[in-house]
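K.L.:
Output the structure for:
(2 chains)
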Amino acid sequence: MIGVVVATHGELAAGLRDATEMILGPQESLALVCLRPGDSIEEFFQSLREAALQFGPAGALILTDLMGASPYNGAAQVAGPPGTTAVRVVTGVSLPMVIEAVTARLGTDDVDQLSQAVQAAGMSGILDFHTELQRRAQASSEALRVKEDPHG
Amino acid sequence: MAEILLCRVDDRLIHGQVMTTWLQYSGGNHILVVDDPTAADEFTSSIMRMSVPAGIGLDVTSTRDAPGVIAAAGNARMVLLARGPGTFLELLEAGVAIKQVIIGGMGSSRERSRFYRNIQASPQERDQMRALVAHGVDVTIWIVPTDKSIPVSKLL
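P.N.:
Numbers count the residues shown, from 1 in each chain, chains lettered A, B, ... in the order given. Presented below is the predicted three-dimensional model:
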């Protein structure tokens, strides 16, 4: 099974695991790496490397919080240039993405596929309530209209 | 000859919003990372490039090559980044005009001990800061522009 590593500033990673387990129950192969103020950056990068590589050839998906920040930079180092490792990095982590990561990996051993599923879950998880309500109302009245007048 | 607007010590070099804030504050349009390991590693340099805001130049160079890069950089408004005060001391001694060094981030390591809040420094780094101060360089701890800056001379 592909390992999932959540690497963030402060306790965000721990919070995301906490919320995920509240919804889905305890998770295996879900590692956290938290960067706290004043931490040694070398030790953080090393912990991140160990967390990702512990899953061996099954590979790992590292979810980080912010592009260009230290957790992302460290994860990028572990992932290496394209095609060199079985580690992938997706940034902008959210709860829908962590949930998708731990569930979708049950159906695939392909890290690139998992990365794509997680990105899609992240993006489709962002919507405005009223916009969505209106979109659905419009879609359903359009469906009704087509049903009543298929050629109109 | 490029204009040096800011010299910053941060062991994370370029990371996230911190760089954007300092670029805005200083009015710089070019970042020069002075770091031997990064200069020797194409892959790390390419990761670092991703963190640089659009429209801002980036060069990554070794300590030895930095004076030449600065001299050749035309009218770039430069922000220099290094992992430790020792790099700026070396540049100063190589003739680069450095007037101010800000300490933005120095995390823990085996050789370092607590210097001020989350800033850690080794005995060697403390000597390097003393030497910079002795050369007339204004050395302060200043994490983000909205914080107040603390002169290290009070702490050494």
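K.L.:
rest of the way, CA atoms for contacts and neighbours
P.N.:
Noted.
K.L.:
chain center to the worst-scoring helix or strand of chain A on mean pLDDT: distance?
P.N.:
Every helix and strand in chain A was compared by mean pLDDT, DSSP states H and E; the lowest is helix A:129-148, with a mean of 91. Relative to the centre of its chain, helix A:129-148 is centred 30 Å away, using CA atoms, centre = their mean, to the nearest Å.
K.L.:
For it, buried residues please.
P.N.:
Of all the residues in helix A:129-148, not one is buried under the rule 16 or more other CA atoms under 10 Å in any protein chain shown.
K.L.:
just stretch B:1-18 next, same as before
P.N.:
Per 16+ other CA under 10 Å, stretch B:1-18 contains these buried residues: B:2-17.
K.L.:
before we move on, what about stretch A:104-111?
P.N.:
A:104-105, A:111.
K.L.:
Just the C-alpha atoms of it, please, in PDB.
P.N.:
Output in PDB follows, covering the C-alpha atoms of stretch A:104-111 (Å, rounded to 0.1, in the frame of the first residue of the first chain):
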ATOM      1  CA  ALA A 104      -8.000   5.900  -3.000                       C
ATOM      2  CA  ARG A 105      -4.800   4.100  -2.300                       C
ATOM      3  CA  LEU A 106      -6.800   1.000  -1.500                       C
ATOM      4  CA  GLY A 107      -7.700   0.900  -5.200                       C
ATOM      5  CA  THR A 108      -4.300   1.600  -6.800                       C
ATOM      6  CA  ASP A 109      -0.600   1.000  -6.400                       C
ATOM      7  CA  ASP A 110       0.300   3.700  -8.800                       C
ATOM      8  CA  VAL A 111       1.700   6.800  -7.100                       C
END
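K.L.:
Give me the longest strand you can find in chain B.
P.N.:
Scanning chain B for the strand with the most residues, using DSSP state E, yields strand B:3-10.
K.L.:
Show the backbone phi and psi for residue B:53.
P.N.:
Backbone torsions of residue B:53, given as degrees, to the nearest 10, read phi -60, psi 150.
K.L.:
Count the neighbours of it for me.
P.N.:
Residue B:53: 16 surrounding residues under other CA atoms under 10 Å in any protein chain shown.
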